[in-house]
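Student: take a look and give me a structure for this.
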Amino acid sequence: MAEEKIRVLVAKPGLDGHDRGAKVIARALRDAGMEVIYTGLRQTPEMVAEAALQEDVNVVGLSILSGAHMALVPRILELMQANGQEDVKVFIGGIIPDEDVPKLQDAGVTGIYGPGASTQLIIDDIRAAMSAAAN
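Tutor: Numbering: from 1, shown residues only. Below you'll find the predicted structure:
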């Protein structure tokens, strides 16, 4: 029986208009055999959480370059929890100051990546998180 594909929602919450990195990650995940849904620019936390629910994803990848991660990410996590999506892994890429990393991890973020992060590292981390969740 074939292994089920990992379903990933890649989203750009907030007013940040730069999506090149999100598109690079989306393509790398797709090339690695994952099913990727890209929401596009300027998504509200409500839109991201609803898309994650409707698309029945295993992983949500957020790209945030605007500096609003400490407002957007907790709200997205709160909405996802309200939707019963505690098992969905959340990964963040973008400009995340070192002092915010522990706070985001404590809130439930699985992986955090800065500019120039290896796409292979992200792929491996998503697979590891999904494997750990399955066991």
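Student: residue 121: what secondary structure?
Tutor: helix (DSSP: H, G, I helix; E, B strand; the rest coil).
Student: quick check: it touching residue 113?
Tutor: Yes. With contact defined as Cβ atoms under 8 Å, residue 121 counts as touching residue 113 (7.5 Å). Every C-beta, even on glycine, is put in place using the N, C-alpha and C of the backbone.
Student: of the two, who's got more company?
Tutor: residue 113 (20 against 11; other Cβ atoms under 10 Å).
Student: quick check: the more buried one touching residue 91?
Tutor: Yes. Taking Cβ under 8 Å as the definition, residue 113 is a contact partner of residue 91 at 7.2 Å.
Student: joint contacts of those two?
Tutor: residue 122 (Cβ atoms under 8 Å, 6 or more residues apart in numbering).
Student: name the residue closest to the centre of the chain, please.
Tutor: Nearest residue to the geometric centre of the chain (Cα atoms, centre = their mean): residue 61, 1.4 Å.
Student: may I have the beta-bridge partners of that one?
Tutor: Judged by DSSP bridges, the bridge partners of residue 61 are residue 10, residue 91.
Student: let me know the pLDDT of it.
Tutor: On the pLDDT scale, residue 61 is placed at 98.
Student: contacting residues for residue 92?
Tutor: Going by Cβ under 8 Å, 6+ apart, residue 92 touches 61-64, 69, 73, 104, 109, 111-113.
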